[in-house]
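Asks: Sequence and predicted structure are below.
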Amino acid sequence: MKVIINGTSEMACLIARELYEVHDVTVIDTREEVPEEFNKLDVSYVSGSGASINILEAASVKKADVFIACTTLEEANIVSSWTAKKINPDIETVCFVRQQQYHETFSKPSVNGQEIERGIDHIIWPEELLMQEIFRIILVPEAIDVELFAGGKARLLEYRMKEDSVMACKLIKECFFPEDTLIVGITRDGSLFIPDGNTELQINDKVIFMGSEEGLNNLAAAFFERTKKGTRSTAIIGGGNVGFMLASNLENMGIRTKLIEFDPQRCDFLSDNLKKTLVIKGDGTDLELLESEDIGDSEALVSVTNNDEKNLLCSLLAKQLGVKRVITRVGKARNVNLFEKVGIDVAVSPKEAALKEIRDKLLEKDVGILALVEKGQGEVIEIAMPEDFEDIKIMDMVLPVKAIVGAIKRGSKILIPKGNTYIRANDNLMIFTTTEAAPKVKTYFKEELVKAARNQL
């Protein structure tokens, strides 16, 4: 696949680093020389404006499959996406924006009854994706990652193994989990691996489960949640786009919310547009303010200012005050691991959320990446079995690498498989594996397994 990336922002670098080993990547930017961070990647470079027809033609836009516009100027992203589409109507365009107004405008098929020229196929607003990720995590007490599949019928939940867990220091085969749940991955000391029945669950392990909605609800109630009532109170520090959208969603769920924002004009906006949220003007790093507002009694605190250092300080103060779970926005993707090492429960990045979305936009038709976990170390991939596929039991498959079929979508039903479960024609398989092993898993299910089934006919 030939991909053109317009821009050399941190987001552009993350995308290029993600794609260059498998795809033919060309980067366009107004700088005359290739930025140092791109010199380390095997990518082509064209100097000039991504909105210029001559520059786009020099980048071979007519032969490209995907055009990703992610400069720091959203107007430039919009114009360059339109221009690329004019030159090559078949190219798939992905445009990054930073303002809600652009996202709303270009996400709609029409405005006031007027059709919008489809120069942009996918509009990405990283802050909205980040808010959605935080919202999913808040709704599941103690979870540090949540992904939903098949309209929520199948799910992935990630929990940190604590000292007081009845599963700690036990082999997986010695633990009795609710029906329709599977352990599919464990992250230990920063590295993700696929466990088996003889794997011991250690304290501080991040354990990844897949299962049905009911099965994982039963798992949470039995092993993780300290209360069956769910999250009831949340505090938010930072009233920007993410904080505002998150508070709106929490209001709709009936969760009591306090929001701390320093800017007085922004506080007026928040007070006018949030019906049930308590808006507090102040500095989230002010310990006296946090104590006077009983922030320590909140079941979850979310720090989503635009400053990493401030978010870290606010989060550490909240932990000191006794907040049970702290979720922190990290602007620089490289800081995510650092935040977790110093005790932040969940560190989330808008750039990582956007990268997940990009991966989802560049998929083969019959193999989709449903989710990336643990900063891209693991994947949940979806593979559609062909109509002439011959039934085979999961236990009879000989996978070339470690992977787990975590769920099967059969018609409108979701099955959480066991060893004697059959894979059948037209099934959609949801498979968990490491990102490193994913290409071999895809090849096996798309080619080797299908070929073996056909040979049985």
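Replies: Received the coordinates, thanks.

Asks: shaky segments in the stretch 301-450 of the chain?
Replies: The model of the stretch 301-450 of the chain has pLDDT under 70 over residues 360-367, 448-450.

Asks: which residue ranges form the strands in it?
Replies: 325-329, 346-348, 367-373, 378-384, 392-393, 403-410, 413-415, 422-423, 428-434 (DSSP state E, counting those that start in this stretch).

Asks: how about the most centrally placed residue in the chain, what does it touch?
Replies: Residue closest to the mean C-alpha point of the chain, counted by C-alpha atoms, centre = their mean, is Ala353 at 4.4 Å. Neighbouring residues of Ala353 by C-beta atoms under 8 Å, 6 or more residues apart in numbering: 126, 129-130, 132-133. Just so you know, the C-beta spots here come from the backbone N, C-alpha and C atoms, and that holds for glycine as well.

Asks: Most neighbours of all those residues, which one?
Replies: In terms of neighbour count, Leu130 stands highest of the contacts of Ala353 at 24 neighbours, by other C-beta atoms under 10 Å.

Asks: per-residue pLDDT, that residue?
Replies: Looking at Leu130, its pLDDT stands at 93.

Asks: On the three-state scheme, Ile55 is what?
Replies: Under the three-state scheme (DSSP: H, G, I helix; E, B strand; the rest coil), Ile55 adopts helix.

Asks: So it sits against Tyr45, correct?
Replies: No - using C-beta atoms under 8 Å, Ile55 is not in contact with Tyr45, being 11.5 Å away.

Asks: tell me, what's touching those two both at once?
Replies: Ile28.

Asks: Now do the buried residues in stretch 161-173.
Replies: 161, 165, 167, 172 (16 or more other C-beta atoms under 10 Å).

Asks: Report the two of these separated the most.
Replies: Ser165 and Ile172 (13.0 Å; C-beta to C-beta).

Asks: any residues in contact with both of these two?
Replies: Counting by C-beta under 8 Å, 6+ apart, the residues touching both Ser165 and Ile172 are Leu201.

Asks: re earlier: as JSON lines, the buried residues of stretch 161-173 with pLDDT, distance to Asn335 and secondary structure would be great.
Replies: Putting those into JSON lines (pLDDT from 0 to 100; distance: C-beta to C-beta, whole Å; DSSP: H, G, I helix; E, B strand; the rest coil) gives the following:
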{"residue": "Met161", "pLDDT": "90", "distance to Asn335": "24", "secondary structure": "coil"}
{"residue": "Ser165", "pLDDT": "84", "distance to Asn335": "28", "secondary structure": "coil"}
{"residue": "Met167", "pLDDT": "89", "distance to Asn335": "30", "secondary structure": "coil"}
{"residue": "Ile172", "pLDDT": "93", "distance to Asn335": "32", "secondary structure": "helix"}
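
Asks: For my notes, please list those residues in JSON lines and give distance to Gly419 for each entry.
Replies: Compiled in JSON lines, those are given as follows (distance: C-beta to C-beta, whole Å):
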{"residue": "Met161", "distance to Gly419": "25"}
{"residue": "Ser165", "distance to Gly419": "26"}
{"residue": "Met167", "distance to Gly419": "22"}
{"residue": "Ile172", "distance to Gly419": "15"}
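
Asks: and which of these is nearest to Tyr444?
Replies: Comparing these against Tyr444 with C-beta to C-beta places Ile172 closest, at 24.0 Å.

Asks: tell me the contacts of the closest one?
Replies: Shown in contact with Ile172 (C-beta under 8 Å, 6+ apart): 183, 195-201.

Asks: just the buried members of the residues you listed?
Replies: Looks like the contacts of Ile172 have 183, 195, 199, 201 buried, using 16+ other C-beta under 10 Å.

Asks: Check those residues against Glu92 and report the nearest one.
Replies: Ile183 (36.4 Å).

Asks: Tell me the secondary structure of that closest one, please.
Replies: Going by three-state DSSP: Ile183 is strand.

Asks: wait, isn't it in contact with Phe193?
Replies: No - using C-beta under 8 Å, Ile183 is not in contact with Phe193; the gap is 11.5 Å.

Asks: Just the pLDDT for Asp42.
Replies: 91.

Asks: Which parts of the stretch 1-150 of the chain are strands?
Replies: Under the criterion DSSP E, counting those that start in this stretch, the stretch 1-150 of the chain carries strands at the ranges 2-6, 24-29, 44-47, 66-69, 92-96, 110-111, 114-115, 122-124, 145-149.

Asks: In CSV: the strands of the stretch 301-450 of the chain, plus distance to Gly296 and mean neighbour count.
Replies: Formatted as CSV, the strands of the stretch 301-450 of the chain follow (distance: least, C-beta to C-beta, whole Å; neighbours: other C-beta atoms under 10 Å):
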stretch, distance to Gly296, mean neighbour count
strand 325-329, 11, 25
strand 346-348, 18, 24
strand 367-373, 31, 20
strand 378-384, 34, 22
strand 392-393, 53, 14
strand 403-410, 37, 23
strand 413-415, 40, 16
strand 422-423, 50, 20
strand 428-434, 37, 24
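
Asks: Turn those into JSON lines, columns for distance to Phe269.
Replies: Below are the strands of the stretch 301-450 of the chain laid out as JSON lines (distance: least, C-beta to C-beta, whole Å):
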{"stretch": "strand 325-329", "distance to Phe269": "20"}
{"stretch": "strand 346-348", "distance to Phe269": "24"}
{"stretch": "strand 367-373", "distance to Phe269": "34"}
{"stretch": "strand 378-384", "distance to Phe269": "38"}
{"stretch": "strand 392-393", "distance to Phe269": "58"}
{"stretch": "strand 403-410", "distance to Phe269": "42"}
{"stretch": "strand 413-415", "distance to Phe269": "42"}
{"stretch": "strand 422-423", "distance to Phe269": "53"}
{"stretch": "strand 428-434", "distance to Phe269": "41"}
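
Asks: Alright, calling it a day.
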